[in-house]
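Asker: sequence first, then the predicted structure:
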Amino acid sequence: MATRAVDVVAATTIPKPKSMAAQTALVRIWTTGTAIICGALVLLMLLFLFAFAWPAIKYNGWTMLTSIYWNIGDQYATGTTVHNGVAAQPGANFGSLVFIYGTLMTSILAMLGAVPLSLLVAFALVYRIPARIRPGVNALVELMAGVPSVVYGLWGVVVLVPFIGQQLAPFVTSHLSGVPFVGGAAGSGNGLFASAVILALMVTPIMVATMRDVMLAQSKALYEASVALGSTSWQAVTRVVVPSVRNGVFASVLLAFGRALGETMAVLMVCGAAANEFPSNIFQTVNTIAAIIVSQLESASTDASGIAQRSLAELALILFVITLTINIIARLIMRGTDRLGKSNA
Amino acid sequence: MTTMLQEPPDVAVSAKLIIRNLNIFYGAFHAMKNASLDVPANNVTAFIGPSGCGKSTFIRALNRMHDLTPGARVEGEVLLDGEDIYAPSIDPVTIRHRIGMVFQRPNPFPKTIFENVVYGPRIHGIGGRAQLAEICERSLKRAALWDEVKDRLDRSALELSGGQQQRLCIARCLAVDPEVILMDEPASALDPIATSKIEDLINDLKKEYSVVIVTHSMQQAARISDLTAFFLMGELVEVGTTSQVFTKPEDKRTEDYITGRYG
Amino acid sequence: MTVQQRNSIISRVWWVISFAALAILVAVLLAIFWFVAVRGFPALKFSLFFTVTSGLAGGLANAIAGTVLLTVIGLALVIFFGIGAGVWIVEVASPRGRQLLRFTVDVLAGVPSIVVGYFLYVALVEGLGWGFSLIAGSVALAIIMLPYVVRAADLALSTVPTELREGAIALGARPTVVLFSIAFPWALPGITTGLLVATGIALGETAPLIYTAGWSSFMPSLAPTHSPVGYLTYVVWTFISQPSDAAHALAYAAAALLMVLIFATNLVARGLVESWAARTLKRS
């Protein structure tokens, strides 16, 4: 009995190192474990997709990048075609050039519109909008960035595509019939142009927000110094502010470009789902890597050889590598500017 | 003739800037109350007063920098050679061309030394390389910086020391060929040696320009200025020749400040 | 005309163009809001909340329940993983490790969501044989939300004042106690804001769910695997391309509901940011 009492006293007066240590260890395991998983996730996805796509990479070879034909082969044929030691259904050919072209063209066309638009809006937002209404406009821009891509797609399908198909494209193609990439058949409204417009609208709020932040982080002193020397406000912005934040602006353009390349739903809904041919002008249908991955889900899963499935993984890998490269460059530039800013301050 | 002799010297003849009944508001806050002042040509006029007294607010009104501050409002007249710079027909850009400004912290552009100096001439349409080089050399010499930087004009201005950066900003201002130079505590961020270089330079500049300088240091005002204006709580309390203000101030509040009874 | 006059005119013209650009952007945004509101709200009938989709019509009950379930489970996952990694960055990591994890998490934010979806399809749905399922869809949303949450936790924990930490340590508090009694309470509004922003993004996602959650016209079964789940964005995407007014109405109703949910989330997040800013201002 007496010994038990002593035990109780000891337990209440002396802190319990064992449970404290256990708690600390638990937190350590939790944070370190989750950090490792988060940090390794990108690499894991990359390696996993690569491993899964490997038979398709072997089967397709350069065809993937050079052919415009995507065909999962004759599913009712007996026997298989073997190429580089990998078997597929007879006639199977997985060429993604049309999709790669569509991905790049829709995004580049979108950026051609979105970059100047975003710059102008950011200028107005940072240097001209009265302080009283600036928070309101900022909130609107952020709301716009939050609109889900299927809603952009819905608006595209119901409003934009009919407008392009019935009014804009017939008008433009008939008046500019000789211009390459513009003249020719007017099409239905679905296609390259509609996709680019939707993408431009989707990435503009993102770019405006980052460009605005980059410009606001730049001290107002440079702008004032330029104005005090008798420059106009526009000269101050274009000759002093923009050159001094050009890295940040460039990085925000790259990030938005990466976003456009990977955008799926909105483009899927308005691109017209082209296959096996290039668009003859900007009003013709296209397809992108992201869109084809979604629309091929069912037919790929019917492929008895499984190569169609693995070829989709190869497509995902191509998109992954492209966006990863762009993102890494953008982040490195941003980190460079961070460091520069610190050394100046 | 006799009446002329009886009256005090006519300031309007030699005054470069005439400020009449200047009121400045930030929203509802009345930051400068009904100040009137003459800035004579080829003199150094110093603005002194405790921090928050409105001296910086006042100097920024003289080349319309308040146009950039949302919610700021300026009332009254600022006459440059008799012409009101706040008149609706006046483009503030032309005013800032004639009235230059040097800021508290050196603010060189993240460009080369050369590009910094010729920035003003460039935006005002001067394009010839030789002409710009000539302007650059003249301005840097005038700002007593030429010997220190002549071999590295194509290097970044950000590599210069703080004092050199501030003299570069003065050179950049001179390159536009202004008539009046406004300086808002130009030496407050600098060490004593760099400060004395700037003071020597100001003394030199008044031969060609009218200089207005805001300073938090009474010693500096006493050393370099011909006229001194004392500000307190948004009010221009007293203005006079520097020796008069420092030795026989008319206003009790000025005397209190000069003798160190304010912070 | 002098150079100054010409410059002034150029400047004015460009500012007018800038404002026109801003006006265009705002106009498009309002047009999309208007479009969704005008078509969606009339279609948003009370009964939709209680009936499941059947064929080309029916209600949204299954999709609403699915979206809520996927998002909530995704949030639970991302709270565990994202905040853990955020704490690691601020409290545990070496400068090098900190930089590395911040970088990889930023890069993760740029991975297209369809790639995430396809990866999980190969790894979980096919590889582990989970089939289209609640858990696979939740993991997909968690990965999409992860960068926002890690960053928010990182940022919020980094702003905990050193004096507060030192005060606690001087009283003999251990790192774990400091973390839970000082750092987390301080960082809570920031982390919550990050979670809300991430939730807004998750609510609007489609691409990563198609390959993981699949689609079901029935109420979610709560079985973690082998049971596909419906969600709102799927309705918007597929029902608008069906040749039936009832199907279109359902798509509009789903879109309107999504917009309301997402804007409400964003508004709460904004409100939190502002009250947080007010609090820190008061303290300083």
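Answerer: Sure thing, it's come through. Numbering: from 1, shown residues only, chains lettered A, B, ... in the order given.

Asker: what residues of the helix or strand bottoming out on mean pLDDT in chain C count as buried?
Answerer: The weakest-scoring helix or strand in chain C, judged by mean pLDDT, DSSP states H and E, is helix C:162-170 (a mean of 73). Buried residues in helix C:162-170, counting neighbours by 16 or more other CB atoms under 10 Å in any protein chain shown, are found at C:165, C:168. (C-beta placed from N, C-alpha, C; glycine too.)

Asker: show residues contacting that helix.
Answerer: For helix C:162-170, the external contacting residues (CB atoms under 8 Å, 6 or more residues apart in numbering or on different chains) are C:177-178, C:181-183, C:186.

Asker: got any ranges where the stretch 151-263 of chain B has weak pLDDT?
Answerer: Across the stretch 151-263 of chain B, the ranges flagged by pLDDT under 70 are B:261-263.

Asker: ranges for the strands of it?
Answerer: B:180-184, B:210-214, B:227-232, B:235-241 (DSSP state E, counting those that start in this stretch).

Asker: please identify the helix or strand for the spatially most central residue of chain A.
Answerer: The residue lying closest to the centre of chain A (CA atoms, centre = their mean) is residue A:259, at 1.8 Å. Using DSSP states H and E, residue A:259 sits in helix A:246-262.

Asker: next SSE downstream of that helix?
Answerer: The C-terminal neighbour of helix A:246-262 among helices and strands, as given by DSSP H and E, is helix A:265-270.

Asker: packing partners of the very next helix or strand once past that next one?
Answerer: Next helix or strand after helix A:265-270 toward the C-terminus (DSSP H and E): helix A:289-295. Taking 3 or more CB pairs under 8 Å, 6 or more residues apart in numbering or on different chains; DSSP states H and E as contact, the helices and strands that helix A:289-295 lies on are helix A:97-127, helix A:265-270, helix A:307-344, helix C:113-120, helix C:207-210.

Asker: which stretch in those helices is the model least sure about?
Answerer: Across those, helix A:307-344 has the smallest mean pLDDT, namely a mean of 80.

Asker: okay, angle between it and helix A:246-262 too, please.
Answerer: Counting by axes from the mean of the first three to the mean of the last three CA atoms, to 10 degrees, helix A:307-344 lies at 170 degrees to helix A:246-262.

Asker: surely residue C:218 forms part of a strand?
Answerer: No. Using DSSP: H, G, I helix; E, B strand; the rest coil, the assignment for residue C:218 is coil, not a strand.

Asker: my guess is it meets residue C:63, correct?
Answerer: No. Counting by CB atoms under 8 Å, residue C:63 is not a contact partner of residue C:218; they are 10.8 Å apart.

Asker: who's more crowded, the two?
Answerer: Shown here are residue C:218 and residue C:63; by other CB atoms under 10 Å in any protein chain shown, residue C:63 has more neighbours (31 against 16).

Asker: output the contacting helices and strands for the strand or helix carrying that one.
Answerer: Take DSSP H and E as the rule and residue C:63 turns out to sit in helix C:61-87. Under the contact definition 3+ CB pairs under 8 Å, 6+ apart, helix C:61-87 sits against helix A:17-60, helix C:134-158, helix C:184-204, helix C:232-239.

Asker: show me what the shortest one packs onto, helices and strands only.
Answerer: Yep, that's helix C:232-239 we're talking about. Helices and strands touching helix C:232-239, by 3+ CB pairs under 8 Å, 6+ apart, are helix A:149-155, helix A:265-270, helix C:61-87, helix C:207-210, helix C:245-283.

Asker: and if you look at the longest one?
Answerer: Using 3+ CB pairs under 8 Å, 6+ apart as the contact test, the elements touching helix A:17-60 are strand A:86-88, strand A:93-94, helix A:307-344, helix C:61-87, helix C:95-109, helix C:113-120, helix C:134-158, helix C:175-178.

Asker: so which of the strands of the stretch 151-263 of chain B comes closest to chain C?
Answerer: Distance to chain C, taken as CB to the nearest CB, is lowest for strand B:180-184 among these, at 17.2 Å.

Asker: direction included, what does that closest one pair up with?
Answerer: For strand B:180-184, the paired strands and their directions (DSSP bridges) are strand B:99-102 (parallel), strand B:210-214 (parallel).

Asker: next one: that strand to chain centre, how far?
Answerer: Relative to its chain's centre, strand B:180-184 lies at 1 Å (CA atoms, centre = their mean, to the nearest Å).

Asker: next one: stretch A:194-213
Answerer: 11 Å.

Asker: quick one on the thing from earlier: ranking the helices and strands packed on helix C:232-239 by mean pLDDT, which is last?
Answerer: Per-stretch mean pLDDT for the helices and strands packed on helix C:232-239 is lowest at helix C:245-283 (a mean of 83).

Asker: what residue in the stretch 51-200 of chain A comes nearest to chain B?
Answerer: Proximity of the stretch 51-200 of chain A to chain B (CB to the nearest CB) peaks at residue A:131, 4.1 Å away.
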